[in-house]
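Student: Generate coordinates for the sequence data below:
(one chain, ligands or ions: 2)
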Amino acid sequence: MKRTVTLIVPCYNEEESLPIFYRAVCEVMESLPDYSFTLLLVNDGSRDGTLALMRELSTADTRVQYLSFSRNFGKEAAMYAGFCNAKTDYVAVMDADMQDPPSLLPQMLAILDEGEYDSVATRRVTREGEPPIRSLFARAFYRLINRISDADVVDGARDFRLMKREMVEAIVAMCEYNRFSKGIFGWIGFKTKWLPYKNVERAAGETKWSFWGLFKYSIDGIVNFSQAPLSIASMAGLVFTLIAFLMILFIVVRKLIFGDPVAGWASTICIILFIGGVQLLCMGIIGQYLAKTYMEVKRRPHYIIAESSDERVERVR
Ligand code: UDP
Ligand code: MG
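Tutor: Ligands and ions are numbered 1, 2, ... in the order given. Coordinates of the predicted model:
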């Protein structure tokens, strides 16, 4: 029996890259006759000709299926839709821009076939072609999140990985609304083999990530997988209460001995401003968690499928 493999490809405005990607993947698929492939393209509310292209590919090639969202829900949602709808032995996620080289697939499949590992993940060992300031922040983020959470996120890890069915089921079961896949992959465990490779630049089109977008994403990652900021906030509260207590003691004693209660307006104002700032910061941290909780309890769907190649697909999830 041939092993079945689904390649999930989230696409947002990829009309330029998708044809290049499709050709490259076809070449690889044809070089692997022992597997039966499905290419599951997920259109994440593209505004260009991506959907039309998907329809074309899907009618011309029976291996190609597609899901199309009613609007842009983000890459996390697109990947989740792929996982929920992939029913094969192996499942992989790949970007449409060739930054996840399809040429790694044969090696990845061979590793899973050996049976020792449950998944093969990839990580970039270089960050060539990336603005240095972005690399700096990225490195700092990985160091931080690994210290303060149990998510085990590897530096340079891509979302490009090939997984066994069991692992995909675990990911689907993690039905949280605020998704941070790099954390989820690490959190669920399983034996993962890491394949390092050199960074590849986008084949065509542009990245969808601005610096600010990435920054917010990293804050999300931390809030989703760690309660350390909350502990830091309460620790700060504790430290300031202690300091305040000592200062009260100092002032009372000084008043009793020297009898001069007034003076020091400047220092008082400084202290008030400082404490006010720390309080606002801590409230902001609590607010971050509250906002996440708010979105979680609403239980809104992760995505809405407006159109798909398979009519029986679950449209809202
Ligand atoms: N993507 C998506 N929805 C989005 C943004 C991106 O499905 O809202 C897809 C995009 O089409 C690509 C992949 O996610 O296939 C990675 O995006 P991109 O190349 O912009 O990110 P980068 O490689 O720069 O991290
Ligand atoms: Mg990319």
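
Student: and the longest helix along the chain, which residues are buried?
Tutor: Scanning the chain for the longest helix, with DSSP state H as the assignment, gives helix 265-298. Neighbour counts over helix 265-298 (16 or more other CB atoms under 10 Å) mark Cys282, Ile285, Gln288, Lys292 as buried. C-beta: built from backbone N, CA, C; applies to glycine.

Student: what's in contact with stretch 305-317?
Tutor: Stretch 305-317 is contacted from outside by 51, 58, 64-70, 80-81, 84-85, 301-304, using CB atoms under 8 Å, 6 or more residues apart in numbering.

Student: so who does Met29 touch?
Tutor: By CB under 8 Å, 6+ apart, the contact list for Met29 reads Tyr35, Phe37, Arg63.

Student: quick one: the helices in the stretch 51-200 of the chain?
Tutor: Ranges of helices within the stretch 51-200 of the chain are 75-85, 105-114, 132-148, 165-173, 181-188, based on DSSP state H, counting those that start in this stretch.

Student: What is the neighbour count of Tyr35?
Tutor: 17 (other CB atoms under 10 Å).

Student: wait, it sits on Thr6?
Tutor: No. The pair Tyr35 and Thr6 fails to qualify as a contact (CB atoms under 8 Å) at a distance of 10.6 Å.

Student: Quick check: neighbours shared by the two?
Tutor: Counting by CB under 8 Å, 6+ apart, the residues touching both Tyr35 and Thr6 are Tyr90.

Student: How about the residues of the stretch 51-200 of the chain by ligand 1?
Tutor: Residues of the stretch 51-200 of the chain lying near ligand 1 by CB under 6 Å from any ligand atom: Asn72, Gly74, Lys75, Ala78, Asp95, Ala96, Asp97, Gln99.

Student: What sits closest to the third one if chain neighbours are left out?
Tutor: The spatially closest residue to Lys75, leaving aside those adjacent along the chain, is Pro10, at 4.9 Å (CB to CB, 6 or more residues apart in numbering).

Student: Mind checking if the host helix or strand of that neighbour is in reach of ligand 1?
Tutor: Applying DSSP states H and E as the criterion places Pro10 in strand 3-11. Yes. Against ligand 1, strand 3-11 shows contacts by CB under 6 Å from any ligand atom at Pro10, Cys11.

Student: tell me what that strand is packed against?
Tutor: Counting contacts by 3 or more CB pairs under 8 Å, 6 or more residues apart in numbering; DSSP states H and E, strand 3-11 packs against helix 17-30, strand 35-43, helix 75-85, strand 90-93, helix 105-114.
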